[in-house]
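Enquirer: Model the structure of this input:
(chains A and B)
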Amino acid sequence: MSRSILRSVAVPLAAVILGLLIGAILIVSQNASPITAYSSLLQGGLGDGDALLRTLQKATPLIFGGLAVAFAFKAGLFNIGGQGQLLVGAVFAAAVGFGVDGLPMFIHLPAALIAGALAGAIWGGIAGALKATTGAHEVIVTIMLNFVGGNLTDWLSANPWKDNSGNNIVARTPLVEDSATIPTFGAIPVGFLLAVLTAAGCWMILERTTYGFEVRSVGQNRNAAHYAGIKVGWIMASTMAVAGMLAALGGAVESLGVDGRFEAGVNVGLGFEGITIALLARANPLGVIPAALLVGLMEAGASRMQFKAGVAPELIDVIQALILFFVAAPMIVRWLLRMRQGDSEQLRLGAGWGNS
Amino acid sequence: MALKWRHLFALLAVFGLFTATACGSDGGGGVSGGYKIGLVTDTGKVDDKSFNQSAWEGAEKGAADIPASATATYIETEESKDYGNNIQLFLDDGAKIIVTVGFGLGEATIEAAKANPDVMFIGVDQWQNEALPNLAGLMFPEANAGFMAGALAGMLTETNIVGAVLGTDLVPPVVFFKEGWENGARYTNPGVETISTYHPGGLDVAFGDPEWGATTSRQALDQGADVIFGAGGATGNGALIEVAGEAGALCVGVDQDQWFTVPEAHPCLVTSAMKLIDVGVSELIAQAYAGTMEGGNYFGEVGLAPFHDFDGVVTSEMRATLEEVMAGLEDGSINPMP
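Expert: As a prediction, this is how the structure comes out:
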């Protein structure tokens, strides 16, 4: 048991170290000090309560986004629609958050979260249902739905749900009511706890329930699953709906816990980062948590790194890309670590493309 | 064999770390004592060839001009959620003047200014509804700049059709540019036809869509426009570059002298409707240092950029008219947005 955990952790861990080392060389080539850079990065992400809060806030949507990709991946589906799902989740959660008042928090807040989650479930479910009924490739459909989602939420926040207070001209909703705001305890945002619980829930469903078994069976061999009596179409449609719901929860938590409203353009790219996280976690729902924390920490500390060490914040993107490169190309890492083949947790990136 | 390579790699890594430590003392930590001026960019870079860059040049000049030994440093915002955090980094460091660049940082700047009455804030393109004593919003009469550019275009057009490809109408300065441009063209050429198009997307995409800018300026060219105004970040730049490929057509840039920022547009770029952001920022820094800065809105200067390659195309009569227009705008006898 412990040995297999060690094995599954070894490659990502080595990838992180290699990424940071190459990052250090890049920092030196900019005539800056990697020691100063990395220590200010850590300080900006963990140095005090505010820094920790920033890291956890940044990690929260990454956990949800990573789960949205990882969960679908277990059924052999590529959910590239995290961005659109996150946006619809964010705008519908905000709509319930500001549009309803007079409710106590224990009703209002869950209602807003559920509204966002349902919107995301529909958004993801469309792609799943099309895949199941017509064979339309989920990668294409989810990418297209990202555009639809982006424009729909732009329009909603610029027209029917626009904030008309003062002389606001930005496409954004009014602030959500206090009763729909996700609280923060000290440096711990409750949204983060929700994300961790959701990750644990995903793991439970996938590993300990019949449904999860069916999902994984479909992911491993669709035809075999079909012959075994699993309703493959239903599994694909429902998995995509769950994936959409997960990404949407990330957006809902952003609206209700971080931004206090939905604002067009504020969540740009956030939904795509889930792909990074899921790869880094090798599609393991529990692995998503440390992966998101790592990336969240780097993003939270990037400003301080530029401020103290004069290193452009894009370096973080480069390091992330390097880490991903080493994770996705584990041969290099294995060779460096002299690990043997036969690692059962291989992430097969090719699955799902040709074999529909 | 494999062993050797692995060792080489390990060596390289260790070497990297050592060099790192060795350079550590002088490389980083550019922030030291003295009078500190901080600048927070909008989600863009200080070398964006546009307003972030202008503002940063102004901050550097401002720091160099004031008597105290001042250092100016910047943070480039990666995500708009970080506006407040990035301002806070400068506050924690004891900065005396903080420049925030762009409309998007308006609310975060007001919040920080209220919480830190001893620090002076300069908000570029941030309109102040209520004046705070320690916050000056650097605004520009974009309508005047647009009007002058339009007046020139009205005189230059041979087809009597001028076009404008614009960022979003959600942002007032863009609207002012457009209205000024159209009115200026009509001022010198009452029969002129104007084709102006705003980007239909939200704030997140409207200034970053050069393909749309190119397509839209192509449509205007096809409809007979021969002078095109590109105003809206990368979107406008896309329009300029498209016009550059059309023989005989002219284009007008925005914000800065785009001769230097979009060299691809040299074949068509007559001038640019400039906002002198750098001058405004360094002037406000000087005032903030001297303690004479007033809260509320401060209006910077606008103007037309030099004509460069088109110096011969702009005749002396045109120049005389432009001077009249400029004087009229200054003394108020011409209203750019009636």
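
Enquirer: Which element, helix or strand, includes the spatially closest residue to residue A:20 that is not a sequence neighbour?
Expert: Spatially, and ignoring its direct neighbours in sequence, residue A:20 is nearest to residue A:319 (6.4 Å; CB to CB, 6 or more residues apart in numbering or on different chains). Placement of C-beta: from N, CA and C, glycine included. Here residue A:319 sits within helix A:314-328, counting by DSSP states H and E.

Enquirer: which residue is nearest the centroid of chain A?
Expert: residue A:65 (1.7 Å; CA atoms, centre = their mean).

Enquirer: The residue nearest to that residue when sequence neighbours are not counted sits in which helix or strand?
Expert: Nearest residue to residue A:65, sequence neighbours excluded (CB to CB, 6+ apart): residue A:274, at 2.6 Å. Using DSSP H and E, residue A:274 sits within helix A:273-280.

Enquirer: which other helices and strands contact that helix?
Expert: Helices and strands touching helix A:273-280, as assessed by 3 or more CB pairs under 8 Å, 6 or more residues apart in numbering or on different chains; DSSP states H and E, comprise helix A:49-74, helix A:288-309, helix A:314-328.

Enquirer: and those helices as TSV, adding mean pLDDT?
Expert: Shown next, in TSV, are the helices and strands packed on helix A:273-280 (pLDDT from 0 to 100):
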stretch	mean pLDDT
helix A:49-74	95
helix A:288-309	93
helix A:314-328	88
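
Enquirer: out of those helices, nearest to residue B:285?
Expert: helix A:288-309 (19.3 Å; CB to CB).

Enquirer: Please find the angle between the direction vectors of the closest one and helix A:49-74.
Expert: In terms of direction (axes from the mean of the first three to the mean of the last three CA atoms, to 10 degrees), helix A:288-309 departs from helix A:49-74 by 140 degrees.

Enquirer: Surely residue B:303 touches residue B:274?
Expert: Yes. The criterion here is CB atoms under 8 Å, and residue B:303 meets it with residue B:274 at 5.3 Å.

Enquirer: ok, these two, which is more surrounded?
Expert: residue B:274 (24 against 17; other CB atoms under 10 Å in any protein chain shown).

Enquirer: The more buried one pairs with what?
Expert: residue B:255, residue B:303 (DSSP bridges).

Enquirer: Dig out what residue B:251 forms beta bridges with.
Expert: Where residue B:251 sits in a bridge, its partners, by DSSP bridges, are residue B:228, residue B:269.

Enquirer: I'd like to know how far it sits from chain A.
Expert: 27 Å (CB to the nearest CB, to the nearest Å).

Enquirer: who's in contact with stretch B:185-200?
Expert: B:147, B:150-155, B:157, B:160-169, B:174, B:178, B:181-182, B:205-207, B:209, B:212-213, B:216, B:219-220, B:223, B:225, B:232, B:235, B:321, B:325, B:334 (CB atoms under 8 Å, 6 or more residues apart in numbering or on different chains).

Enquirer: Can you pull the residues of the stretch 51-200 of chain B lying near chain A?
Expert: By CB under 8 Å from any CB of the partner chain, the residues of the stretch 51-200 of chain B that approach chain A are B:73, B:75-82, B:85-86, B:88-90, B:93, B:129, B:170-172.

Enquirer: ok so, going back, contact partners of the helix holding residue A:319?
Expert: For helix A:314-328, using CB under 8 Å, 6+ apart, the contacting residues are A:11-12, A:14-16, A:18-20, A:22-23, A:26-27, A:37, A:41, A:276, A:279-280, A:282, A:295, A:298-299, A:302, A:305, A:332-333, A:347, A:349.

Enquirer: could you flag which of those residues are buried?
Expert: A:11-12, A:14-16, A:18-20, A:22-23, A:26-27, A:37, A:41, A:276, A:279-280, A:282, A:295, A:298-299, A:302, A:305, A:332-333, A:347 (16 or more other CB atoms under 10 Å in any protein chain shown).

Enquirer: sorry, back to before: what about the residue nearest to the centre of chain A, distance to chain B?
Expert: 14 Å.

Enquirer: circling back: my guess is the residue nearest to residue A:65 meets residue A:66, correct?
Expert: Yes. Applying CB under 8 Å, one finds residue A:274 in contact with residue A:66, separated by 5.0 Å.

Enquirer: Neighbour count for these two, which is higher?
Expert: residue A:66 (36 against 32).
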